[in-house]
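Asks: missing the sequence, but the structure's below:
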């Protein structure tokens, strides 16, 4: 296939491109500025609302991963950038590919389990409604922004990704230093559910969605065994052979991180990958301890 990828220089995008090329697909990167490489690129400017559509001819599929990082303190200006980078960029891309003749058959457009908000112990599947708060509202608008593509007959799938297990970024990277120093511990009460996923399964799940014509709409890109933060903490400590007796109080993290602490660290989302399992995906790392041991071996 000829596949267009946005967010191609990011952690997931760069790994996905390698996997696509290994399968023999032709990859085109949608970028803001020219890259210092000979790989095919097409330029766009989401803020200005422009895409060089002449470079999009002959696409079979699009994987849209671009968006401003949420892992910094959420000021009002930053929240606008987070939302706009997802909603405006997705709408522009969806409109543009919908007008192509012929249009691509598939759009995989990223989303997140932030869609569900803070839901305690409730088991959340793809048919569960959205939660409340900034991340939930942003995720709802993010998914809706792809409607022009769906209305044009393009199969649209939204991977709602969970807590990513990688040492290269995200929550786990930030946790590693205190844990390795022996001062790691639960965050707040530790009762909040963390729906995690191994990095290999993020790439595997995206590829599965790309090739599986029956998978459309939202699908939860999380491992089948969500755990509480307390369980996560115990397992990580065991894998690293470190104690986990230094809890991080909720008030201290709120002072340090502001609203982001509630949205990312304390929100409880017990999410199951019902549609991905029904579509036949076999997780490489369904168990947290095995996934962490594979990561640190």
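Replies: Structure's in. What do you need? Just so you know, these numbers come straight off a predicted model, no measurement behind them.
Asks: going forward, measure contacts and count neighbours with C-alpha atoms only.
Replies: Will do.
Asks: hang on, residue 192 packs against residue 231?
Replies: No. Here residue 192 lies out of contact with residue 231, judged by Cα atoms under 8 Å, at a distance of 9.9 Å.
Asks: more neighbours, these two?
Replies: residue 192 (23 against 18; other Cα atoms under 10 Å).
Asks: That one - nearest residue in space that isn't next to it in sequence?
Replies: Distance criterion Cα to Cα, 6 or more residues apart in numbering; nearest residue to residue 192, sequence neighbours excluded, is residue 268 at 4.3 Å.
Asks: so who does that neighbour touch?
Replies: Counting by Cα atoms under 8 Å, 6 or more residues apart in numbering, residue 268 makes contact with 117-121, 191-194.
Asks: 7 Å instead?
Replies: Taking Cα atoms under 7 Å, 6 or more residues apart in numbering, we find residue 268 in contact with 118-120, 192-194.
Asks: closest to residue 162 among those residues?
Replies: residue 194 (7.8 Å; Cα to Cα).
Asks: just checking, the closest one touches residue 267?
Replies: No. Taking contacts as Cα atoms under 7 Å, residue 194 lies outside contact range of residue 267: 8.4 Å.
Asks: Those two: which is more packed in?
Replies: residue 194 (26 against 20).
Asks: Tell me how far the more buried one lies from residue 1.
Replies: Computed with Cα to Cα, to the nearest Å, the distance linking residue 194 and residue 1 is 35 Å.
Asks: cool, residue 249 as well?
Replies: Distance, residue 249 to residue 1, using Cα to Cα: 50 Å.
Asks: again with residue 172
Replies: On the measure of Cα to Cα, residue 172 and residue 1 end up 34 Å apart.
Asks: same question, residue 218
Replies: From residue 218 to residue 1 the distance is 23 Å (Cα to Cα).
Asks: Of those two, which one has the most company?
Replies: Using other Cα under 10 Å as the criterion, residue 218 and residue 1 rank with residue 218 on top: 22 against 15.
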